[in-house]
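Student: no FASTA, just this:
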């Protein structure tokens, strides 16, 4: 029982983080029909910036993390305006452009930061005895809480605010939204940047636990795409469920089958779901 | 007619230049180096670069080059992946036309390079890939002047467990050629000694080890042998501390060595690094011979710091071995170089190199350097094994 609780806690933590990092991909796909291949690189960029702001500039670690997310948000605005906007309607062009961007960013990180892991300081040190059974790192618990808060805020913004309504309107019918006064280009730009900021949020939350390197982005992107496909393309709720399923399956598989093949379980569950339900768990049928 | 001159003169100049360039390039003898400059063990690439610079100072400086020419090193990045290692190694042989290749730090990469060395009949001297299978393949062209799994387990790890009286040992091993190979040898050795043990495998790229640590904690070991190479072992140590296993209940002996010496070690593990044990070929207070002393002095002078990652000296050693073989061969012909390598009797930073010549197992073309077990004590390196050279007491 003790083991199961630990594995589920760990699966939950990773699930929340997987969901958080995949939500950005899902948001951009759902609204703009653009697959952002450079998603993992934005996660890494935020991790680097949070380490840089905290260690080199001496900013408080949470302020550094917030600033890193803001910088990536601005970077997202710039990318949308200069690289993505001209590709609307041509899915392959945006896919190739973001793929090239991912390679450029990876090499830029290698050049600027070197191949070594960079890590911002922990927000909190030590560990806590959970359920009176096992010790769990406080930084992990903080990451779990922060990830859950960011996801909750995103859902509130999308479901309850004027901005959320305009985003959903553009996602449903771009021309109709424009006819009633919504600026689709502006919404796209903000949505793309928001998707990038979500990747950045995952990066700053996780970097103290799992330091960033130039190539760690490949795994981040891959996991995000698995979660998005698992949950259903463009479904934010599906993304959260997909992330939690992946986190739990990976941990329980590692625990009870073999920890030597952790990532195999993610692909296995993905294949299983796609075989039974090709649109993913909550995907739109027309896809 | 003017246009003819306009075309002809640059063409002739170009041809002259083209003819000149290869002649100029042939003024050097090229030695290839393979190793990870990117990926989870990228720090090894940086250590290799330092060792290469120091070796070239010796070979081209005081030794006056090789066969009347300067030596040039071409360093190919393997990224720690076998497919990249294989293509990079092949490029060194075919495009760069190196006459001998040294280096390597990943067993899976070295195993991918062995058939290529055979195919091109190209001498390859491994510095730091430990899997027994590399030399057990008994290739005429492959040598190893560095540790092998059997040597490390038999000469160091089992003796350490026995001499310090550890009763229950947990083994965590990455699922690579090196990790699984050394795990099997450690299991066999511990079984023969009657020491209770358990084993858990992990992914090499994994950053999360809570699942493995939970299994280990349930076994209640007093020592954990961690066969994880790269930054992954940093995360393992930090998380072992978070979960209350290390150092309260068990010590961790990191079985790969250099990751505990990389500059990012303390950033990644924080105070959890204190009392961690690791394997090393080098210590500032243990000079094996005049060459190791000379290396340390040259390193300090050139880089303004003490050498930490011993792999800088590992690649330094194999470059000296390659240069020595080329000189004695009197030629860059690979068969003559291999014959010369088999007759090597050279003092390098880790000792006097003589390769095994009896075919049949991993000892063929193998030379095992002496290894140390070092413990971090308040960020100071203390040698705790072998007992004959220890510089302090083991702390638990």
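Tutor: Here it is on my side, so go on. Given the structure is predicted, the values throughout are model-derived calculations rather than measurements.
Student: What ranges does the stretch 51-200 of chain B have for its helices?
Tutor: Secondary structure of the stretch 51-200 of chain B (DSSP state H, counting those that start in this stretch): helices at B:82-94, B:107-120, B:133-136, B:149-152, B:158-163, B:177-193.
Student: Output the ones you listed as CSV; include the columns distance to chain A.
Tutor: Just so you know, the C-beta spots here come from the backbone N, C-alpha and C atoms, and that holds for glycine as well. Listed next are the helices of the stretch 51-200 of chain B as CSV, based on distance: least, CB to the nearest CB, whole Å:
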stretch, distance to chain A
helix B:82-94, 12
helix B:107-120, 14
helix B:133-136, 19
helix B:149-152, 18
helix B:158-163, 23
helix B:177-193, 9
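Student: Make a markdown table out of the ones you listed and add mean neighbour count and mean pLDDT.
Tutor: Written out in a markdown table, the entries for these read as follows (neighbours: other CB atoms under 10 Å in any protein chain shown; pLDDT from 0 to 100):
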| stretch | mean neighbour count | mean pLDDT |
| --- | --- | --- |
| helix B:82-94 | 19 | 97 |
| helix B:107-120 | 21 | 96 |
| helix B:133-136 | 22 | 96 |
| helix B:149-152 | 23 | 94 |
| helix B:158-163 | 18 | 96 |
| helix B:177-193 | 20 | 95 |
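Student: Is it possible to get a markdown table of these that adds distance to residue A:217?
Tutor: Output for those, formatted as a markdown table (distance: least, CB to CB, whole Å):
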| stretch | distance to residue A:217 |
| --- | --- |
| helix B:82-94 | 18 |
| helix B:107-120 | 22 |
| helix B:133-136 | 32 |
| helix B:149-152 | 33 |
| helix B:158-163 | 39 |
| helix B:177-193 | 25 |
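Student: Show me the one of those that comes nearest residue B:305.
Tutor: Nearest to residue B:305 among the helices of the stretch 51-200 of chain B is helix B:149-152 (27.1 Å), distances taken as CB to CB.
Student: What is that closest one packed up against?
Tutor: The elements that helix B:149-152 packs onto, with contact taken as 3 or more CB pairs under 8 Å, 6 or more residues apart in numbering or on different chains; DSSP states H and E, are helix B:177-193.
Student: Now do the closest residue to chain B within the stretch 151-287 of chain A against residue B:265, distance only.
Tutor: Using CB to the nearest CB, the closest approach of the stretch 151-287 of chain A to chain B is made by residue A:260 at 3.5 Å. As judged by CB to CB, to the nearest Å, residue A:260 and residue B:265 stand 25 Å apart.
Student: who's more crowded, those two?
Tutor: Comparing residue A:260 with residue B:265 by neighbour count (other CB atoms under 10 Å in any protein chain shown), the higher total belongs to residue B:265, at 24 against 20.
Student: Residue numbers of chain B in contact with chain A?
Tutor: Counting by CB under 8 Å from any CB of the partner chain, chain B comes close to chain A at B:37-40, B:42-43, B:45, B:175, B:200-203, B:205-208, B:210-212, B:214-215, B:217-218, B:231, B:234-235, B:239, B:242-244, B:262-264, B:267-268, B:270.
Student: Please repeat the previous calculation with a cut-off of 7 Å.
Tutor: If contacts are counted using CB under 7 Å from any CB of the partner chain, the residues of chain B sitting beside chain A are B:37-39, B:42-43, B:175, B:200-203, B:206-208, B:210-212, B:214, B:231, B:239, B:242-244, B:264, B:267-268.
Student: So which of these belong to helices?
Tutor: Secondary structure defined by DSSP state H assigns B:43, B:210-212, B:214, B:239, B:242, B:267-268 of the residues of chain B next to chain A to helices.
Student: Name the member of these with the most neighbours.
Tutor: Looking at those with neighbours defined as other CB under 10 Å, the largest count falls to residue B:212 at 28 neighbours.
Student: Now do the same contact list for that residue.
Tutor: Listed by CB atoms under 7 Å, 6 or more residues apart in numbering or on different chains, the contact partners of residue B:212 are A:259, B:172, B:200, B:202.
Student: Pick the one among those residues closest to residue B:373.
Tutor: Nearest to residue B:373 among the contacts of residue B:212 is residue B:172, at 17.3 Å by CB to CB.
Student: Tell me what the closest one is bridged to.
Tutor: For residue B:172, the beta-bridge partners under DSSP bridges are residue B:200, residue B:226.
Student: my read: it touches residue B:203, true?
Tutor: No - look at residue B:172 against residue B:203 with CB atoms under 7 Å: they stay out of range, at 11.3 Å.
Student: So if I had to pick from these two, which one is more boxed in?
Tutor: Neighbours per residue (other CB under 10 Å) separate residue B:172 from residue B:203, with residue B:172 holding more: 27 against 22.
Student: So for the more buried one, what's the pLDDT?
Tutor: In the prediction, the pLDDT value recorded for residue B:172 is 96.
Student: what sits against it?
Tutor: Residues touching residue B:172, when contacts are defined by CB under 7 Å, 6+ apart, comprise B:200, B:202, B:212, B:216, B:224, B:226-228, B:236.
Student: can you check residue A:270 too?
Tutor: Contacts were defined as CB under 7 Å, 6+ apart; by that measure residue A:270 touches A:226, A:229-230.
Student: Please enumerate the strands of chain A.
Tutor: A:127-130, A:134-137 (DSSP state E).
Student: same question, the stretch 1-150 of chain B
Tutor: Counting by DSSP state E, counting those that start in this stretch, one finds strands in the stretch 1-150 of chain B at the ranges B:28-35, B:70-77, B:100-103, B:124-126, B:142-145.
Student: in the chain, which segments are predicted with low confidence?
Tutor: Just going to use chain A. Within chain A, the ranges that satisfy pLDDT under 70 run A:284-287.
Student: other chain: chain B
Tutor: Using pLDDT under 70, chain B drops low at B:1-26.
Student: nearest spatial neighbour of the residue positioned nearest the centre of it, skipping sequence neighbours?
Tutor: Residue closest to the mean C-alpha point of chain B, counted by CA atoms, centre = their mean, is residue B:128 at 2.3 Å. In space, and not counting its chain neighbours, residue B:128 is closest to residue B:105: 4.5 Å by CB to CB, 6 or more residues apart in numbering or on different chains.
Student: The one you found: neighbouring residues, count only.
Tutor: Other residues within reach of residue B:105, judged by other CB under 10 Å, total 31.
Student: Tell me who's in contact with it.
Tutor: When contacts are counted by CB under 7 Å, 6+ apart, residue B:105 touches B:35-36, B:41, B:44, B:128-129, B:311.
Student: For the nearest residue to residue A:33 once chain neighbours are set aside, grab the count of nearby residues.
Tutor: Sequence neighbours aside, residue A:91 is the residue nearest to residue A:33 in space, at 6.2 Å (criterion: CB to CB, 6+ apart). When neighbours are defined as other CB under 10 Å, residue A:91 has 14 of them.
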